[in-house]
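Enquirer: Mind looking at a prediction? Sequence and model below.
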Amino acid sequence: MGLQTIVSGALIAGPPWPGRFALCKPKGGASFADSGLSRGRCGVTASAAMPIATPAQYRAMLDAAQKGGYAYPAINVTSITTINGALRAFAEAKSDGIIQVSTGGGEFASGTAVKDAAFGAIVLAEAAHILAEKYDVLVALHTDHCQPKKVDSFLRPLLDASRKRKADGKGPLFQSHMLDASELPLKENMELSKKLLKECAELDIILEVEAGVVGGEEDGHDTSGVPAEKLYTTPEDMVTVYEELSPLGRFLFAATFGNVHGAYKPGAVKLKPAILRDGQKAVTDKHGMAAEMDLVFHGGSGSELSDIRETLDYGVVKMNIDTDTQYAFTRPIVTHVCQNIEGVLKIDGEVGDKKQYDPRSYLKKAEVSLANRLKVACDDLRSTGRTIFGKA
């Protein structure tokens, strides 16, 4: 595949039965010309598509998911190996998707001697831009939870990197970023969110925000001690978020409905998806159906499939996947070591087996296992087979 492929005739699947397609109308009053799409007989056609989505293509991805009742898995990556696993999964599932980097993932990728989260995130994003050229699905790049204290050290350097790319005639480095200011009172949260959304909008970048708290611990950010009521976003909160942010640019909203980060047995996490339904209704009753927000599902490990699927009816278009793919990546490495212990280690004066302790021997297995788990997520979220990337 060349660096640039002209795409036409890409059909957006509607409900999951053959031959049914839905026309995806751009949000926010944009025309099809503004969105980078043209009207097709049964769907949309995209022009000059790159496997890393352009800003217009990313908006089209989100519109398609909202219209079609599905969501994109958003997988956290920390290395080229995990990027390759993600790309393989999306391509084999024929699903578009989102690859994201956390502050901890960026710091890891920068190396133990450097430990610079923004620098590592830039390295991973640049690698993803190049690696994605070999695949025929659209992938958006995103950054995960960034608390207010890390905005200047993490988010702003990434916005600066996108400004430099735009000045060189390229698209932004990342297509969206997350500000997690949920630790602040809602008024202060919205003030910071508005400031960053304005900066993002100037760069054709979407901002994800959060109101309400996702419980548990993720990448060193621990909210396991917050009161239970903080785990649920109220309809009033959702109306406030819409009214404060919608005039400024496109945004994603991580409304909370009992979500908890971490690993849990099925049924252990008590979700209340109806909170999303009620919040969306409060917004659309006041501002019309066009005001329906693009929602994000965090902390889904251990969730019942029925709860996951229910959220798709209420506007969830993105679901974060990290804990489950971390386990899927690590499990075959452990098996490899256990089954080849005498080759992996130098025991009793022996020299081991280079083929067994060569990192490639087990990292390839880890990549495939991660890809297989991510494909399950595509099935769960009904994004399988629904790529809007097409070939001429």
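Expert: Right, received. Where do you want to start?
Enquirer: rest of the way, CA atoms for contacts and neighbours
Expert: Will do.
Enquirer: what secondary structure does the spatially most distant residue from the centre of the chain sit in?
Expert: Distance from the centre of the chain peaks at Gly349, with 47.9 Å (C-alpha atoms, centre = their mean). Here Gly349 is recorded as coil under DSSP: H, G, I helix; E, B strand; the rest coil.
Enquirer: ok, now Pro73?
Expert: strand.
Enquirer: what does Val317 give?
Expert: Under three-state DSSP, Val317 falls in the strand class.
Enquirer: so who does it touch?
Expert: By C-alpha atoms under 8 Å, 6 or more residues apart in numbering, the contact set of Val317 is 62, 65-66, 69-72, 294-296.
Enquirer: Cross those against strands and list the overlap.
Expert: Among the contacts of Val317, the residues falling in strands (DSSP state E) are 72, 294-296.
Enquirer: which of those has the most neighbours?
Expert: Greatest neighbour count in the ones in strands among the contacts of Val317, by other C-alpha atoms under 10 Å, goes to Tyr72: 29 neighbours.
Enquirer: What is the burial count for the nearest residue to that residue once chain neighbours are set aside?
Expert: Of all residues not flanking Tyr72 in the chain, Lys318 sits nearest, at 4.8 Å (C-alpha to C-alpha, 6 or more residues apart in numbering). By other C-alpha under 10 Å, 26 other residues sit near Lys318.
Enquirer: can you check His336 too?
Expert: 18.
Enquirer: try the one 5 residues further on
Expert: By other C-alpha under 10 Å, the residues close to Ile341 number 16.
Enquirer: same deal with the one 10 residues further on?
Expert: As a burial measure, Val351 scores 12 neighbours (other C-alpha under 10 Å).
Enquirer: Check what pLDDT Val226 gets.
Expert: In this model, Val226 is scored at 55, pLDDT.
Enquirer: so how far is the first residue of stretch 162-177 from its last?
Expert: Using C-alpha to C-alpha, to the nearest Å, the end-to-end distance of stretch 162-177 comes to 12 Å.
Enquirer: Could you pull out the buried residues of it?
Expert: 162-163, 171-177 (16 or more other C-alpha atoms under 10 Å).
Enquirer: got the contact list for that stretch?
Expert: Residues from elsewhere that reach stretch 162-177 (C-alpha under 8 Å, 6+ apart): 53-55, 58, 122, 125-126, 140-144, 155, 158, 161, 203-208.
Enquirer: Also stretch 336-343?
Expert: Contacting residues not belonging to stretch 336-343 are listed as 344, 351-357, 362 [C-alpha under 8 Å, 6+ apart].
Enquirer: follow-up on the earlier one: look up which residues are beta-bridged to the residue nearest to Tyr72.
Expert: With DSSP bridges as the criterion, Lys318 is bridged to Tyr72, Val296.
Enquirer: Read off the pLDDT value for it.
Expert: With respect to pLDDT, Lys318 has a value of 98.
Enquirer: what's near enough to touch it?
Expert: So Lys318 contacts 71-74, 295-297 (C-alpha under 8 Å, 6+ apart).
Enquirer: excluding its backbone neighbours, what's nearest Ile83?
Expert: Once flanking residues are discounted, Ile83 sits nearest to Val77: 5.9 Å by C-alpha to C-alpha, 6+ apart.
Enquirer: sorry, back to before: could you tell me the phi and psi values at the residue farthest from the centre of the chain?
Expert: Here is the backbone geometry of Gly349 (degrees, to the nearest 10): phi 80, psi 0.
Enquirer: quick one: it from Cys338, how far?
Expert: Counting by C-alpha to C-alpha, the gap from Gly349 to Cys338 is 19 Å.
Enquirer: how about the strands in the stretch 51-200 of the chain?
Expert: Under the criterion DSSP state E, counting those that start in this stretch, strands of the stretch 51-200 of the chain are mapped to 72-76, 97-101, 139-143, 176-179.
Enquirer: nope, the stretch 201-350 of the chain is what I was after
Expert: 206-211, 217-218, 221-222, 251-255, 294-297, 316-321.
Enquirer: list the contacts for the closest residue to Glu107 other than its chain neighbours?
Expert: Of all residues not flanking Glu107 in the chain, Ala117 sits nearest, at 3.8 Å (C-alpha to C-alpha, 6+ apart). Residues near Ala117 by C-alpha under 8 Å, 6+ apart: 103-110, 153-154.
Enquirer: By neighbours, which of these wins?
Expert: The most crowded member of the contacts of Ala117, judged by other C-alpha under 10 Å, is Gly106 (27 neighbours).
Enquirer: my hunch is that Tyr362 is in a helix, does that hold up?
Expert: Yes: Tyr362 sits within a helix when classified using three-state DSSP.
Enquirer: Not counting residues beside it along the chain, what's closest to it?
Expert: Ile333 (5.4 Å).
Enquirer: How much space separates the residue nearest to the spatial centre of the chain from Asn320?
Expert: Central residue of the chain (C-alpha atoms, centre = their mean): Ala74, 2.8 Å from the mean position. Separation of Ala74 from Asn320 (C-alpha to C-alpha) stands at 5 Å.
Enquirer: quick revisit: show me which of the contacts of Val317 is closest to Ala181.
Expert: Of all the contacts of Val317, Ala181 sits closest to Val296, with 15.0 Å by C-alpha to C-alpha.
Enquirer: and the closest one, what is it in contact with?
Expert: Contacts of Val296 (C-alpha under 8 Å, 6+ apart): 252-255, 316-320.
Enquirer: Look up how far Thr311 lies from it.
Expert: 9 Å.
Enquirer: go on, Val376?
Expert: Computed with C-alpha to C-alpha, the distance linking Val376 and Thr311 is 17 Å.
Enquirer: higher neighbour count, the two?
Expert: Neighbour comparison, Val376 and Thr311: the larger count goes to Thr311, with 25 against 15 (by other C-alpha under 10 Å).
Enquirer: Surely that one touches Leu276?
Expert: Yes: between Thr311 and Leu276 there is a contact at 7.3 Å, judged by C-alpha atoms under 8 Å.
Enquirer: No further questions, thank you.
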